[in-house]
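Peer 1: fold the following and give me the result.
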Amino acid sequence: MPQPATILIASDFVLDPALDAAADILSARGHRVIRGPAAVPGRKTVFEPRDMHRYFADTDVIVASSRVVVDQHVLDAAPRLRGIVYASIGLDSLDLPAATRRGILVANGATPENFQSMAEATVMLMLNLAYDLRGTEELLRTCAPRPPVLRARMLKGKTIGLIGLGRIARGVIQRLQGWSVDIVACSPGTRASRIPGGVRLVDLDELLAISDIVSVHATLTEQSRNLIGPAELRKMKRNAYLINTARGGCVDEQAVYEALRSRIIAGAALDTFAVEPLPVDSPLRELDNAILTPHMVGHTQELFASFAPACVENVEGILDGVVPAFVCNPSVEPAWRGRLRELDALA
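Peer 2: Below is the predicted model of the structure:
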């Protein structure tokens, strides 16, 4: 396509360092970069109707994040749009079916460092919960006596239940090899031939009933919203733990709070929340059996270093008519190529 391209790069209070770096690289390569409105922690960025023309009328590629809403109104306001790039993995703020219907290619930052860091962090949380690291640390800090009954438990011999079998879950499975654990997974639609060796596929009810640790790795959709609610928590063992490093909307936070407060389950580790940052008045903060981290438990230096190069690679691939390595809707390619031909004919 003719140069320079116009690229809208949204703001994100978590990813801004990587987005800034990508903006600098793309600007240095001759592209016109427009920055989106400043992000407000705790709120998703929603573009106002009065701003649509200014941001999208000439935009060839949108670079966004899961905290930036890209809906049909945005897509309608961007007649020249060739593709959408998400700096990290999450696409839950994007109307992906609407983009696909329009022949718009979508790519994300699913770099190896991304899922590898999250897989390592998930195993770390499993061990922290099983070995009661937080409670043991508190004993030392408060000079409390050793408890008469030890709370730490080995991971060996336990059943680990994974909800979802994407790259992060598969990374967890790989890292648990040699730990002598039983791994079960719930992943509707996954073909038997794609189930990793040593993993047994079960339905959600069985997974909840038999697992000592339940780890959520589902993509947030309308079907998976509040996937773990009051009924599901009551199906878990009383000494079981829940981990959510996926999306906050996958679990009912009030239900998790009630289950932890009432000791329906033993504990939880939550890295993602329905509203981020987690509000200061969230009752989850009161609990002594919850590990709470601000959606950064797997954010390593290596991960963030991978975001800007992947973003630039995705953007320039789309502009060059090359399907990027991290494409999210590969089936759109024929329609996308037709859209590119139409746009080039109008140029």
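
Peer 1: and A21, how far is that from L270?
Peer 2: 29 Å (CB to CB, to the nearest Å). Just so you know, the C-beta spots here come from the backbone N, C-alpha and C atoms, and that holds for glycine as well.

Peer 1: for those two, work out which one has more neighbours and name it.
Peer 2: A side-by-side neighbour count of A21 and L270, using other CB atoms under 10 Å, places L270 first with 24 against 17.

Peer 1: if I look at that one, how far off is D288?
Peer 2: In terms of CB to CB, L270 sits 14 Å off from D288.

Peer 1: same deal with M52?
Peer 2: Distance from M52 to D288, counting by CB to CB: 48 Å.

Peer 1: the more surrounded of the two?
Peer 2: M52 (15 against 10).

Peer 1: so which elements touch the helix or strand where that one lies?
Peer 2: Element membership for M52, per DSSP states H and E: helix 52-56. Where contact means 3 or more CB pairs under 8 Å, 6 or more residues apart in numbering; DSSP states H and E, helix 52-56 is packed against helix 72-76.

Peer 1: and the helix it packs on, C-alpha only, in CSV?
Peer 2: Extracted as CSV, the C-alpha positions of helix 72-76 are listed here (Å, rounded to 0.1, in the frame of the first residue of the first chain):
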residue,chain,number,x,y,z
GLN,A,72,-19.2,-1.9,15.5
HIS,A,73,-19.3,1.9,15.9
VAL,A,74,-15.5,2.1,15.7
LEU,A,75,-15.4,-0.3,12.7
ASP,A,76,-18.1,1.7,10.9
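
Peer 1: what segments of the protein are strands?
Peer 2: Remark: strands assigned in the chain by DSSP state E are 6-9, 32-35, 61-64, 83-86, 105-107, 159-163, 182-186, 199-201, 213-216, 241-244, 267-270, 290-292.

Peer 1: now do the buried residues in the first one.
Peer 2: Translated: strand 6-9. I7, L8, I9 (16 or more other CB atoms under 10 Å).

Peer 1: ok, the first one touching V315?
Peer 2: Yes - with contacts counted by CB atoms under 8 Å, I7 reaches V315, the gap being 6.2 Å.

Peer 1: mutual contacts of the two, please.
Peer 2: When CB atoms under 8 Å, 6 or more residues apart in numbering defines a contact, the residues bordering I7 and V315 alike are L26, H31, V61, V63.

Peer 1: identify, from those, the entry nearest to G321.
Peer 2: Set against G321, the nearest of the shared contacts of I7 and V315 by CB to CB is V61 (12.4 Å).

Peer 1: and that closest one, what does it touch?
Peer 2: A5, T6, I7, L8, L81, R82, G83, I84, V85, V315, I318, L319.

Peer 1: gap between it and Y86?
Peer 2: For V61 relative to Y86 (CB to CB), the value is 11 Å.

Peer 1: centre-most residue in this structure?
Peer 2: Centroid-nearest residue in the chain: G90, 4.5 Å away (criterion: CA atoms, centre = their mean).

Peer 1: returning to that earlier point: so how do I select the buried members of the contacts of V61 in ChimeraX?
Peer 2: To isolate the buried members of these in ChimeraX, using 16+ other CB under 10 Å:
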select :5,7,8,81,82,83,84,85,315,318,319
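
Peer 1: of the contacts of V61, closest to P188?
Peer 2: Closest to P188, out of all of the contacts of V61 and judged by CB to CB, is I84, at 26.8 Å.
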